[in-house]
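J.: structure for this input, please:
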Amino acid sequence: MLAAGIDLEALPDLASIVPCEETGETFEENAVLKATYYGGRAPGLLIAEDSGIEVDALGGAPGVRSARFAGERATDEENNRLLLERLRGVTDRTARYVSVIALADRGKLVRTFRGTVEGSIALEPAGTNGFGYDPLFYYPARGCTFGELPMAEKNPLSHRGRSFAKLAAFLSS
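T.: You can find the predicted model right below:
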């Protein structure tokens, strides 16, 4: 359940659909590509999300290539290692997680919802919770990395939690 009275269901036969190519240069472009592509195969409303991390010292990289930063089949550990290598000696380590949800109705874009959370990149990984860059993403409001926060505490604070909250408010209105 997304919010009171709003349920999410998987797209029927998703496994049999040729995956949408994520060719966008922004999170918004990729979310819209996926929502309109898969939305054309849905009987009603469909949401698609694209997300990642932007590091100011790297000009916004890894950005839309967050999952593939160290290569097409890179692991979280490989992506994290490359990020730390690229930031070696860098003092300004400000970063943000970004999530964009696109809402489509039968393949036509209705609206997008953007959520962000500001932080910085730690000098070394800390914590085993979450995934991706969570062990490196230091969240000053809690004084720890997202990898150190329990999921129940992290989820509403996260970029995804914020974009989903905006979607839920829109659908509830």
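
J.: got a list of what residue 135 touches?
T.: Contacts for residue 135 (C-beta atoms under 8 Å, 6 or more residues apart in numbering) come out as 80, 122, 125, 126, 127, 128, 145, 146, 147. Glycine gets a C-beta too; all of them are placed from N, C-alpha and C.

J.: among these, which ones are in helices?
T.: residue 80 (DSSP state H).

J.: greatest separation within the contacts of residue 135: which pair is it?
T.: Across the contacts of residue 135, the longest distance by C-beta to C-beta is 14.0 Å; it joins 122 and 128.

J.: so the two - more neighbours on which side?
T.: residue 122 (22 against 9; other C-beta atoms under 10 Å).

J.: which non-adjacent residue is nearest that one?
T.: residue 138 (4.6 Å; C-beta to C-beta, 6 or more residues apart in numbering).

J.: strand partners (parallel or antiparallel) of whatever helix or strand the one you found lives in?
T.: Assigned by DSSP states H and E, residue 138 falls within strand 137-139. Looking at strand 137-139 with DSSP bridges, its partner strands are strand 108-121 (antiparallel), strand 144-145 (antiparallel).
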